[in-house]
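>>> Fold the following and give me the result.
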Amino acid sequence: MKLTNIQCKNAQAKEKPYKMAAGRGLYLEIMPNGSKYWRMKYRIKADGKLKEKRIAFGVYPEISLKEADNRCTEARKLLDQNLDPLTAKKEAKRSAEINSEHSFEAIARKWHNTFKEKWTDRHANTVIRRLEKDIFSEIGSIPIKDIKPSHLIEVLKKIQQRGAYEPAHRLRQYCSQIFRFAIIHEITDTNPAAEIGMVLKPVIKKHYACLEIKEIPELLKAIHFNNARLHTDTRLAIKLLMLTFVRTKELIEATWDEFDLDNAEWVIPAERMKMRNEHIVPLSRQAINILQDLKERNGKWDWIFPGHHSPRKHMSNNTILKGLDRLGFKGRMTGHGFRALAMSTIKEKLGYRHEVVDRQLAHAPQSMVQRAYDRAQFLDERKRMMQEWADYIDSLDI
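Sure, this is the predicted structure:
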């Protein structure tokens with residue numbers, strides 16, 4: 001080689017650009033401002049003629065003499081095959097840009113932005129946070145078309161190694177949806193996340209604590225006598241949750257504008273529902289009595305259950321659970337448990353069909369036909385059912 005590192009380092013700027021040859025067409029060009037650029041001059045046949053071209057290899061000292069020489073060698077190998085290294089460089093750059101645009105993280109974020117409007121803010125934040133924490137850091141930069149099952153298995157098993165079995169399965173499901181999104185947009189042809197669930201350790205489902213039907217009178221007695229000295233709002237929240245069997249979050253975040261007491265309906269807006277569909281809760285006479293009581297107590301606030309210490313916020317998510325604990329049902333009953341209790345009792349004791357109770361629980365209908373019947377067929381039946389359910393509870397009370 002005609003150049004040394006010392007020569008490259010000590011080369012000084014002059015009035016005009018000048019070159020320092022390094023051999024095989026490679027040279028260092030020193031500019032008047034002191035910048036030093038690696039370039040290579042070469043000839044290649046095009047349209048039957050030899051044309052002289054130049055290709056840039058970067059700036060010294062970021063690109064060392066040795067690295068510039070290596071790049072020169074690779075370019076010469078292409079020339080030996082009558083391939084233009086400048087064209088190859090442009091194609092490589094374009095390929096890198098495409099891979100960056102089609103990396104797993106880039107596609108995952110497009111998928112998330114597409115569907116987050118259909119989710120609650122809480123769910124949307126949870127999904128992207130889990131992906132950022134466990135997936136993007138491992139395989140986010142890999143082009144989605146190059147990801148193999150082994151990549152995902154390695155990542156998901158690492159998550160399970162810390163005992164996070166359920167999150168690992170959830171992340172596999174998210175990844176599968178992301179790959180399906182990419183397939184639809186013709187970015188990849190395969191979904192490596194679809195069939196790898198079998199290699200993950202299974203999740204042992206833990207059901208929410210729930211009383212048996214025969215234990216309902218015990219709970220009603222505890223609420224009635226209130227030996228635990230629960231706050232009145234907490235007792236009324238537990239009663240209303242039993243009567244309506246909505247999700248705890250749907251109850252404590254309820255505002256007065258959602259209720260039409262004259263028509264005995266509570267309409268929970270879509271943005272507050274898990275499935276992002278508006279949900280109608282027919283109100284029994286007993287539920288209306290509780291709401292009228294709450295209106296007298298809390299009508300000046302937006303929330304039907306304002307916080308005890310900060311009424312401008314709604315009741316805490318743990319208030320009902322802690323209340324049940326204090327009533328003596330710790331580990332035996334949760335706010336969510338009222339949903340399972342209502343399902344089993346209404347079917348067994350009141351004889352209603354599963355799909356009617358299921359719809360009142362706001363579970364997603366399995367087909368568009370079923371969704372169409374949500375209002376048209378089941379609402380009247382649900383109104384009767386909710387009143388019978390309230391009357392049944394009254395029949396068990398002391």
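
>>> Quick one: residues contacting the most centrally placed residue in the chain.
With distances taken as Cα atoms, centre = their mean, V127 lies nearest the centre of the chain, 1.6 Å away. V127 is in contact with H112, K116, W119, Y174, counting by Cβ atoms under 8 Å, 6 or more residues apart in numbering. For the C-beta atoms, the positions are set from N, CA and C on the backbone; glycine is no exception.

>>> Check which helix or strand it maps to.
With secondary structure defined by DSSP states H and E, V127 is part of helix 121-131.

>>> now K221
In the assignment (DSSP H and E), K221 maps to helix 216-225.

>>> helices or strands up against that helix?
Counting contacts by 3 or more Cβ pairs under 8 Å, 6 or more residues apart in numbering; DSSP states H and E, helix 216-225 packs against helix 232-244, helix 379-396.

>>> List the buried residues for it?
Neighbour-count burial for helix 216-225, counted by 16 or more other Cβ atoms under 10 Å, picks out I216, E218, L219, L220, A222, I223.

>>> Report the separation between the residue lying closest to D233 once chain neighbours are set aside and I238.
Nearest residue to D233 in three dimensions, chain neighbours excluded: F305, at 5.8 Å (Cβ to Cβ, 6 or more residues apart in numbering). To I238, F305 is 11 Å away according to Cβ to Cβ, to the nearest Å.

>>> Could you do N318 as well?
For N318 relative to I238 (Cβ to Cβ), the value is 13 Å.

>>> Helices of the stretch 51-200 of the chain, start to end?
Secondary structure of the stretch 51-200 of the chain (DSSP state H, counting those that start in this stretch): helices at 65-80, 85-101, 104-115, 121-131, 137-139, 149-161, 165-184.

>>> By mean pLDDT, show me the worst of those.
For the helices of the stretch 51-200 of the chain, mean pLDDT drops lowest on helix 85-101, to a mean of 75.

>>> if I look at T255, how far off is G335?
Here T255 is placed at a distance of 19 Å from G335 (Cβ to Cβ).

>>> more crowded one of these two?
G335 (25 against 14; other Cβ atoms under 10 Å).

>>> For that one, list the residues it contacts.
By Cβ under 8 Å, 6+ apart, the residues touching G335 are L241, R247, T248, L251, I320, L321, L324.

>>> Now the buried members of these.
For these, buried by 16+ other Cβ under 10 Å: L241, R247, T248, L251, I320, L321, L324.

>>> helix, strand or coil for the spatially closest residue to the third one that is not a sequence neighbour?
Pointing back at T248 there. The shortest distance from T248 to any non-neighbouring residue, by Cβ to Cβ, 6+ apart, is to G335 (3.7 Å). Recorded secondary structure, G335: coil (DSSP: H, G, I helix; E, B strand; the rest coil).

>>> before we move on, which element is Y42 in?
Element membership of Y42 [criterion: DSSP H and E] is strand 36-46.

>>> can you list contacts of that strand?
8, 11, 24-31, 50-61, 63, 68, 71-72, 75-76, 79, 82, 84-85.

>>> redo that, cut-off 6 Å
Strand 36-46 has contacts (Cβ atoms under 6 Å, 6 or more residues apart in numbering) with 25-26, 28-30, 50, 52-60, 63, 68, 72, 75, 84.

>>> what does stretch 380-388 give?
Stretch 380-388 has contacts (Cβ under 6 Å, 6+ apart) with P282, S284, L350, Y352, V356, Q360.

>>> Could you rerun that using 7 Å?
The contact list for stretch 380-388 (Cβ atoms under 7 Å, 6 or more residues apart in numbering) reads P282, S284, R285, I346, L350, Y352, V356, R359, Q360.

>>> buried subset of those residues?
P282, S284, I346, Y352, V356, R359, Q360.

>>> Now, the residues you listed that are in helices?
If you go by DSSP state H, those have V356, R359, Q360 in helices.

>>> any idea how far A362 is from the nearest residue to the last one once chain neighbours are set aside?
Leaving out its chain neighbours, the residue that sits closest to Q360 by Cβ to Cβ, 6+ apart is R382, at 5.1 Å. Relative to A362, R382 is positioned 11 Å away (Cβ to Cβ).

>>> quick one: which of the buried ones among the contacts of stretch 380-388 is nearest E212?
I346 (14.5 Å; Cβ to Cβ).

>>> Am I right that that closest one is in contact with V356?
No: if you go by Cβ atoms under 7 Å, I346 and V356 don't touch, sitting 8.4 Å apart.

>>> List the residues that contact A193.
Applying Cβ under 7 Å, 6+ apart, we find A193 in contact with L152, R172, C175, S176, F179.

>>> okay, now the domains of this structure?
Here the domain parsing of the chain from automatic domain parsing is 5-95, 104-199, 213-396.

>>> Show me how far the longest one is from its chain's centre.
For domain 213-396, the gap between its own C-alpha mean and the chain's C-alpha mean amounts to 27 Å (Cα atoms, centre = their mean, to the nearest Å).

>>> That one spans what distance, first to last residue?
11 Å (Cα to Cα, to the nearest Å).

>>> Buried only: go through the contacts of V127 for me.
H112, W119, Y174.

>>> Put together CSV for the residues you listed, with distance to A209 on each row.
Converted to CSV, these look like this (distance: Cβ to Cβ, whole Å):
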residue, distance to A209
H112, 33
W119, 27
Y174, 28
